[in-house]
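Peer 1: A structural model of the following input is requested.
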Amino acid sequence: MNLTYTTVRSAKRKKLTITVERDRSILVLAPASATDEAIDRVVQSKRQWLFEKLQNAPKYQGTHAPGKEVVSGESALYLGREYRITLTDAPDAGVIFDRSFVIARGDRQQTRQAFRDWYQARAQEVILPRVQRLAVELGVDLAEAVIVDDRLRWGSCTAKNNVRLNWRLIKAPMSVIDYVIVHELAHLIEGNHTPAFWNVVRAKVPGAEKSKAWLKENGQILEEEI
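Peer 2: Residues are numbered from 1 along each chain as shown. Here you go, the predicted structure:
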């Protein structure tokens, strides 16, 4: 079986990194000086690992669960916990959260968009300060951290030292959020998923394996509309 992959070169990148995206595509991030032949040799040397990743059906399935209906008595996730939803006839003020969610009645598209906006705002408020703090604690040179809408990754680290994090992570427990943050920041120390890379992650996040397993098991839930 042939391996098809996309190569992205950068003058700032010193090491070659291979990732399998959640849409089953293979992405190779390489230094600008890397030749096609050298890149292909590395990719071919990782064939077994790549095939194992591609066969990970629960993570790479192409469809996303439709999610719950926004009705009174239903619940929605926030930081790893389910909170009850109550619909109100009061004027629309978006989502109000105080140990439960209160939202004005509306059609399905309106209520789901309100939740989406609320989650994205909370991700900005909660996740980004933690990225900055953990970057300082790890002593890495972080250029910028941003919240993004990404259906393919929970997080990514660019060749320009920018960290991008999926807003849907705000539904996960804080320990899982920290794991994803540290995972991306660790790439500023070690580009590939080497033993040295995992040593950095595990040293900073003692429950890294547990958080990784949680994300694998519950990732589809985070991708639901609410």
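
Peer 1: Tell me the secondary structure of residue 82, please.
Peer 2: strand (DSSP: H, G, I helix; E, B strand; the rest coil).

Peer 1: likewise residue 96?
Peer 2: Here residue 96 is strand, with the state taken from three-state DSSP.

Peer 1: i'd like the first residue to be 21 from this point on
Peer 2: Will do, 21 is the new start, and the previous item becomes residue 116.

Peer 1: which strand residues sit across from it in the sheet?
Peer 2: Legend: beta-bridge partners of residue 116 under DSSP bridges are residue 122.

Peer 1: Confirm for me that it is in contact with residue 122.
Peer 2: Yes: counting by CB atoms under 8 Å, residue 116 touches residue 122, with 4.4 Å between them. For glycine as for every other residue, the C-beta is placed from the backbone atoms N, C-alpha and C.

Peer 1: okay, those two: which has more neighbours?
Peer 2: A count of neighbours by other CB atoms under 10 Å puts residue 122 above the other of residue 116 and residue 122, at 17 against 14.

Peer 1: Now do that one against residue 98, distance only.
Peer 2: Distance, residue 122 to residue 98, by CB to CB, to the nearest Å: 13 Å.

Peer 1: Can you show me the strands along the protein?
Peer 2: Along the chain, counting by DSSP state E, strands occupy 25-30, 37-40, 46-51, 95-98, 101-108, 115-117, 121-124, 164-168, 175-177, 182-186.

Peer 1: now these in TSV, with mean pLDDT and distance to residue 224?
Peer 2: Below are these laid out as TSV (pLDDT from 0 to 100; distance: least, CB to CB, whole Å):
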stretch	mean pLDDT	distance to residue 224
strand 25-30	88	26
strand 37-40	83	20
strand 46-51	88	23
strand 95-98	92	24
strand 101-108	92	24
strand 115-117	92	29
strand 121-124	90	32
strand 164-168	96	16
strand 175-177	91	15
strand 182-186	95	14
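
Peer 1: I'd like those strands as CSV, with distance to residue 215 appended.
Peer 2: As requested, the strands of the chain are exported to CSV (distance: least, CB to CB, whole Å):
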stretch, distance to residue 215
strand 25-30, 24
strand 37-40, 15
strand 46-51, 20
strand 95-98, 34
strand 101-108, 34
strand 115-117, 42
strand 121-124, 43
strand 164-168, 26
strand 175-177, 18
strand 182-186, 22
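
Peer 1: for stretch 124-139, which positions count as buried?
Peer 2: 124, 131-132, 134-136, 138-139 (16 or more other CB atoms under 10 Å).

Peer 1: Equivalent analysis for stretch 107-127, please.
Peer 2: Applying 16+ other CB under 10 Å to stretch 107-127 flags 107, 115, 121-124 as buried.

Peer 1: Relative to residue 231, which of those is nearest.
Peer 2: Comparing these against residue 231 with CB to CB places residue 121 closest, at 25.0 Å.

Peer 1: Please list all residues in contact with the closest one.
Peer 2: Residues near residue 121 by CB atoms under 8 Å, 6 or more residues apart in numbering: 96, 103-106, 115, 135.

Peer 1: Which among these count as buried?
Peer 2: By 16+ other CB under 10 Å, the contacts of residue 121 give 96, 105, 115, 135 as buried.
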